[in-house]
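Undergrad: Test case, fold it:
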Amino acid sequence: MSGLPALAVTATERHGVTVAARDLATAVEATTGLRLRMAADDLFGDRPPARAHLHFTDRLWAGSPEEAAATVERIAARTALTVTLHDVPQASDGPRNLPRRTDCYARIARVARGVVVNSRHEAAHLAEAGIAPHALGVVPLPVTPAPPGPRPSAGTPDVAVLGFFYPGKGHAEVVEAVATLSDRPCVTVLGGASAGHEADLSSLTEQASAQGVEVNVTGYVPDDELIARCRSVAVPVVAHRHFSASGSLATWIAAGRRPLVADGRYAREMAALRPETVHLVAPGQVAPAIADALADPASTWLAADAVTRPHLDDTAASYLRWWTEDVAW
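TA: Numbers count the residues shown, from 1 in each chain. Next comes the predicted model:
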């Protein structure tokens, strides 16, 4: 298979977007037998590839949306470029950052030969913002199921939110819900604070303590421990206020868990894509949903016949079709 782009992988190894780029490159190379992965920094070298694909969120590429857009524009001026857009702009960015991020993503869509997003929900966000890529692909984030393993014995009950902490991720809503329960489980932050949000995390733990809720922060969880940690918690929760694609959700499912997920357009899209893999929770119903899950631990685990595809090989196949059939290089 010829004419495929080089697959750029950024250097920030723990960032979810870097992980997505690395996993896709590995899967595409396994499918094609070609060596396509390259370091993102090499896009600025003396011999840039004729074609390249990169994964983008503005904070990963520069210190501001304006600088990030300019960086990608420089790349697109030297190589035919396609881009996966992550963390697409939405109202939760706030009145100052929303127009800046929207302009950033619009600039990238103009110079890229094509753009991929990870959900129809994200595609709708682009359309609502007036962003019209030259070629648009929708490729859901993959699930990579872990080998089956024994379910851990019941310990101290906890409710866990997975991934880097930042305001709006849903931790505050979980704490508020737990505070209303008569038997209060611990709230586990299965990860550490996102850069710049350490004080916000400290504030959350203090506010939780004032409400009689214990918060346990694990810090960064290495990849080789992640599945076991996901299997060890009592109740997995995905409670983002605004989310349009979620690696955390995919990881819960990969671990065999069926998390409580805040209802919304994206959550319903994922519930339809992978039936019986999530419990949708309506606004204001987080506390009773947690109580029900604690009373019925089996409800937090996937059934043996649960539909978890698309997997990583499906994702690679979708990108290969898109690059070869839809993109006008």
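Undergrad: Need the pLDDT of residue 1.
TA: With respect to pLDDT, residue 1 has a value of 57.
Undergrad: likewise residue 243?
TA: Residue 243 carries a pLDDT score of 68 in this model.
Undergrad: and what of the one 3 residues further on?
TA: Residue 246 carries a pLDDT value of 82.
Undergrad: mind checking pLDDT for the residue nearest to it when sequence neighbours are not counted?
TA: In space, and not counting its chain neighbours, residue 246 is closest to residue 238: 6.1 Å by CB to CB, 6 or more residues apart in numbering. C-beta here means a position set from N, CA and C on the backbone, and glycine is covered the same way. Looking at residue 238, its pLDDT is 95.
Undergrad: same question, residue 111
TA: Taking residue 111 on its own, its pLDDT is 98.
Undergrad: Check the gap between it and residue 126 for me.
TA: Going from residue 111 to residue 126 by CB to CB, to the nearest Å gives 15 Å.
Undergrad: who's more crowded, the two?
TA: Higher neighbour count among residue 111 and residue 126: residue 126, with 21 against 16, using other CB atoms under 10 Å.
Undergrad: quick one: contacts of stretch 185-194?
TA: With CB atoms under 8 Å, 6 or more residues apart in numbering as the test, stretch 185-194 has contacts from 156-166, 171, 174-175, 178, 200-201, 208, 213-221, 229-230, 233-235, 290, 294.
Undergrad: So which bits of the helix or strand that residue 225 is a member of are buried?
TA: Using DSSP states H and E, residue 225 sits within helix 223-232. Going by neighbour count (16 or more other CB atoms under 10 Å), the buried part of helix 223-232 is 226, 227, 229, 230, 231, 232.
Undergrad: Do I have it right that the second one meets residue 144?
TA: Spelled out, that is residue 227. No: counting by CB atoms under 8 Å, residue 227 stays clear of residue 144, with 9.8 Å between them.
Undergrad: what's the overlap in contacts for the two?
TA: Both residue 227 and residue 144 are in contact with residue 254, where contact means CB under 8 Å, 6+ apart.
Undergrad: Quick one: end-to-end length of stretch 256-276, please.
TA: End-to-end distance for stretch 256-276: 12 Å, by CA to CA, to the nearest Å.
Undergrad: can you start the count at 7 instead of 1 from here on
TA: With the count now opening at 7, the last piece we talked about shows up as stretch 262-282.
Undergrad: what mean pLDDT does it have?
TA: The average of the pLDDT scores along stretch 262-282 is 96.
Undergrad: Equivalent analysis for stretch 221-235, please.
TA: 94.
Undergrad: C-alpha coordinates for it, PDB please?
TA: Extracted in PDB, the C-alpha atoms of stretch 221-235 (Å, rounded to 0.1, in the frame of the first residue of the first chain):
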ATOM      1  CA  VAL A 221     -10.700  11.800  48.400                       C
ATOM      2  CA  ASN A 222      -7.900   9.400  47.500                       C
ATOM      3  CA  VAL A 223      -5.500  10.600  44.800                       C
ATOM      4  CA  THR A 224      -3.400   7.900  43.300                       C
ATOM      5  CA  GLY A 225      -1.200  10.100  41.100                       C
ATOM      6  CA  TYR A 226      -0.100   8.900  37.700                       C
ATOM      7  CA  VAL A 227      -0.900   5.300  37.100                       C
ATOM      8  CA  PRO A 228       1.700   3.500  34.800                       C
ATOM      9  CA  ASP A 229       0.300   1.700  31.800                       C
ATOM     10  CA  ASP A 230       1.200  -1.800  33.200                       C
ATOM     11  CA  GLU A 231      -0.900  -1.100  36.300                       C
ATOM     12  CA  LEU A 232      -3.800   0.700  34.700                       C
ATOM     13  CA  ILE A 233      -6.100  -2.300  34.000                       C
ATOM     14  CA  ALA A 234      -5.600  -3.800  37.400                       C
ATOM     15  CA  ARG A 235      -6.400  -0.400  39.100                       C
END
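Undergrad: what does that stretch contact?
TA: 20, 152, 155, 164, 171, 181, 192-199, 207, 210-211, 214-215, 257, 260-261.
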